[in-house]
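Colleague: compute the structure for the input listed below.
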Amino acid sequence: MLLTVDGYRVVTVGDGREALDWLSKNTPQLAVLDVRMPHLDGIEICRRIKKVSRLHTVPVIVLTGMRDEATTVAAKAAGADAVVLKPLEGKDFRSTVRALVDRAAAPRPSAS
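Modeller: Below is the predicted model:
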């Protein structure tokens with residue numbers, strides 16, 4: 001898989017319900033969700049992730065083969081940090097992942 005080359009631990013699940021079950025017990029560095037998933041689509045899972053206080057800062061990438069603007073708008077409205085079109089361009093996808101993980105890991109300025 002593209003991300004294991006960069007040293008990321010990748011966890012895959014079979015459908016949207018399994019994704020939510022896994023996320024109920026774990027906090028990933030990043031979530032990569034496909035728009036089309038059985039049981040619950042990636043946009044709905046993104047929406048739910050962003051509502052959970054423990055997960056709301058987890059960066060989310062939504063993958064889609066649909067090139068319509070409505071899908072991108074819906075994913076962004078659900079809280080997606082990036083929408084990536086399939087088929088994936090390996091180098092570009094890996095750069096997007098790295099940027100989002102680095103941004104999430106960066107120390108936040110304290111409120112004075």
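
Colleague: what residues are up against residue 98?
Modeller: residue 6 (Cβ atoms under 8 Å, 6 or more residues apart in numbering). Placement of C-beta: from N, CA and C, glycine included.

Colleague: again, but for residue 23
Modeller: Contacts of residue 23 by Cβ under 8 Å, 6+ apart are 31, 45, 49, 52, 55.

Colleague: check which residues of the longest helix anywhere in the chain are buried.
Modeller: The single longest helix within the chain, with elements called by DSSP state H, is helix 90-105. Neighbour counts over helix 90-105 (16 or more other Cβ atoms under 10 Å) mark 93-94, 96-97, 100-101 as buried.

Colleague: if I look at the residue nearest to the spatial centre of the chain, how far off is residue 109?
Modeller: The centroid of the chain falls nearest to residue 60 when counting by Cα atoms, centre = their mean (2.5 Å). The gap separating residue 60 from residue 109 is 23 Å, by Cβ to Cβ, to the nearest Å.

Colleague: next: residue 14.
Modeller: For residue 14 relative to residue 109 (Cβ to Cβ), the value is 40 Å.

Colleague: show me which of those two is the more surrounded one.
Modeller: More neighbours surround residue 14 than the other of residue 14 and residue 109, with 10 against 6 (other Cβ atoms under 10 Å).

Colleague: isn't the more buried one up against residue 38?
Modeller: Yes - taking Cβ atoms under 8 Å as the definition, residue 14 is a contact partner of residue 38 at 7.5 Å.

Colleague: how about the contacts made by residue 72?
Modeller: Contacts of residue 72 by Cβ under 8 Å, 6+ apart are 64, 83.

Colleague: apply 6 Å and report the result again.
Modeller: residue 83 (Cβ atoms under 6 Å, 6 or more residues apart in numbering).

Colleague: now stretch 56-68: buried residues?
Modeller: 58-64.

Colleague: closest to residue 87 out of these?
Modeller: residue 63 (9.9 Å; Cβ to Cβ).

Colleague: for the record, mean pLDDT for the strand or helix carrying that closest one?
Modeller: Assessed by DSSP states H and E, residue 63 sits inside strand 60-64. The average pLDDT within strand 60-64 is 97.
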